[in-house]
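Colleague: predicted model and sequence below, questions to follow.
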Amino acid sequence: MASEEFRLVSPAISNEGKLPRKYTQEGQGAQRDISPPLEWYNVPEGTKSLALVVEDIDAPDPSGPIMPWTAWVVVDIPPTVKGLPEGFSGKEEHTVGIREGHNDYKIPGWRCPKLPRHGHRFQFKLFALDDKPDLGHTVTKERLMEAIEGHVLGESILTAVF
């Protein structure tokens, strides 16, 4: 039944799927590079933790091919948590146990790349896991993807365009 589907949404992303400027490096004033609010529904039964990966899936590699750019990694999200508020990234007072991994700038937290042109798609992927993966001290998308192989109970994707 569609209403029971594991869903990821953002109240800040319009029905047209537009990612507002304040969540990018093109934001103005203090309203810049803030992590967007996210909400999720119908977490699969048996979920022990959630993990989020956000990528610019249209990022150009200077040498040519399109190479996804990791903007944010969040792990160890308890299944009882129903979302992340706007500006969650970088806050010291994270919900107990939630950790932010390193993005492709090699720093933890949300960092939207400065885009050479508009029209890039940002893919927010939320994974429901049957275990809490052991990721060590430094979390990266690559480390996470390797650790969750065979442990994904559900995946929800939200795509936004900037």
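Modeller: On my side now, so go ahead.
Colleague: residue ranges in the protein under the pLDDT threshold?
Modeller: Counting by pLDDT under 70, the ranges of the chain that qualify are 1-3, 27-31, 61-64, 92-95, 113, 115-117.
Colleague: list the buried ones in stretch 80-98?
Modeller: Across stretch 80-98, burial judged by 16 or more other Cβ atoms under 10 Å covers 84, 88-89, 94, 98. Bear in mind the C-beta positions are built from the backbone N, C-alpha and C, glycine included.
Colleague: for residue 142, which three-state class applies?
Modeller: helix (DSSP: H, G, I helix; E, B strand; the rest coil).
Colleague: and it, how far from residue 104?
Modeller: Separation of residue 142 from residue 104 (Cβ to Cβ, to the nearest Å): 11 Å.
Colleague: more neighbours: which of those two?
Modeller: Ranked by neighbour count (other Cβ atoms under 10 Å), residue 142 and residue 104 place residue 104 first, with 19 against 12.
Colleague: check which helix or strand the nearest residue to that one once chain neighbours are set aside maps to.
Modeller: Leaving aside its sequence neighbours, residue 104 sits nearest to residue 70 (Cβ to Cβ, 6 or more residues apart in numbering; 4.5 Å). Residue 70 belongs to strand 69-77 when assigned by DSSP states H and E.
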